[in-house]
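Q: Next input, structure requested:
(one chain, ligands or ions: 1)
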Amino acid sequence: MLGKSMFDRGLTVGSSGNISARLNDGWLMTPTNSCLGRLDPEALSKVDANGRLLSGGKQTKESFLHLAVYGERPSAGAIVHLHSTHSVAVSCLAEIDPQQPIPPITAYYVMKIGNLMLIPYYAPGDMALANAVKEVAGKHHAILLANHGPIVAGKDLESAVYATEELEETAKLYLLLRGNRLNILTQDQVAELNRKWPQ
Ligand SMILES: [Zn+2]
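A: Predicted coordinates for the structure are as follows:
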């Protein structure tokens, strides 16, 4: 249902984007080449702790990205990875700070995403991409893959989806604002939000 909701609102198109959720004995993932607008619960891929397919359709080609994040984040219950337009647009900008690709422009962005990290471009399927994700996933629940898209972990599927949506909307705002002088949240304001609503 959440997959269809994202698809219907244009957050993902065609067969791009993939979702996964942690189970007691492995993971449930969207199958390769599946459209998030028409997911069949029966066809979802169930993979074991080593990423081997146990049942359902063959798992997404990007499953290794999900496993790289789960490996570093024991508290992650679900992960969303999209090629959503505005987030991808930000990931293509030259001269952005990889440590802060989007400044803290709203409180909800700080509360749901916080410290987004941009990692360099690697071709899809390149294991160097999984390694780059692994390196930062322990400290960052939201990672932006340059010229590709965001990957966001949450304690459950709903929170991963909502955080990804907040990222996409903030990326849109940031692009609208580019070229203007901005009032961004101060370090103290960000610190206060992090104290009240820790990630
Ligand atoms: Zn992708």
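
Q: Only C-alpha atoms from now on, for both contacts and neighbour counts.
A: OK.

Q: Against Ile105, how distant is the residue nearest to Ile79 when sequence neighbours are not counted?
A: Nearest non-adjacent residue to Ile79, counting by Cα to Cα, 6 or more residues apart in numbering: Ala153, 4.3 Å away. As judged by Cα to Cα, to the nearest Å, Ala153 and Ile105 stand 21 Å apart.

Q: Could you check which of these two has the larger neighbour count?
A: Using other Cα atoms under 10 Å as the criterion, Ala153 and Ile105 rank with Ala153 on top: 31 against 17.

Q: Wait, a helix at the more buried one?
A: No: applying DSSP: H, G, I helix; E, B strand; the rest coil, one finds Ala153 to be strand, outside a helix.

Q: Can you mark which positions in the longest helix along the chain are buried?
A: Taking DSSP state H as the criterion, the chain has its longest helix at helix 157-177. Neighbour-count burial for helix 157-177, counted by 16 or more other Cα atoms under 10 Å, picks out 157, 159-172, 174.

Q: now do stretch 8-17
A: Result for stretch 8-17 [16+ other Cα under 10 Å]: buried residues 11-13, 16-17.

Q: Now distance to Ser34 too, for those residues, in a markdown table please.
A: Shown next, in a markdown table, are the buried residues of stretch 8-17 (distance: Cα to Cα, whole Å):
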| residue | distance to Ser34 |
| --- | --- |
| Leu11 | 15 |
| Thr12 | 11 |
| Val13 | 11 |
| Ser16 | 8 |
| Gly17 | 9 |
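
Q: Give me the contact list for the lowest-mean-pLDDT helix or strand in the chain.
A: In the chain, no helix or strand scores lower on mean pLDDT, DSSP states H and E than helix 2-8, which sits at a mean of 72. Applying Cα atoms under 8 Å, 6 or more residues apart in numbering, the contact partners of helix 2-8 are 12-13, 19, 36-39, 158, 161.

Q: closest to His148 among those residues?
A: Checking those against His148 with Cα to Cα, the nearest one is Thr12 at 12.5 Å.

Q: Can you check the pLDDT for the closest one?
A: Per-residue confidence at Thr12 stands at 75 (pLDDT).

Q: wait, is it part of a helix?
A: No: Thr12: not assigned to a helix; according to three-state DSSP it is coil.

Q: Quick check: it touching Leu82?
A: Yes: between Thr12 and Leu82 a contact is recorded at 6.3 Å, counting by Cα atoms under 8 Å.

Q: Can you get me a residue count around Asp40?
A: Quick note: Asp40 (other Cα under 10 Å) scores 12 neighbours.

Q: Could you list the low-pLDDT ranges of this protein?
A: For the chain, the stretches with pLDDT under 70 are 1, 7, 199.
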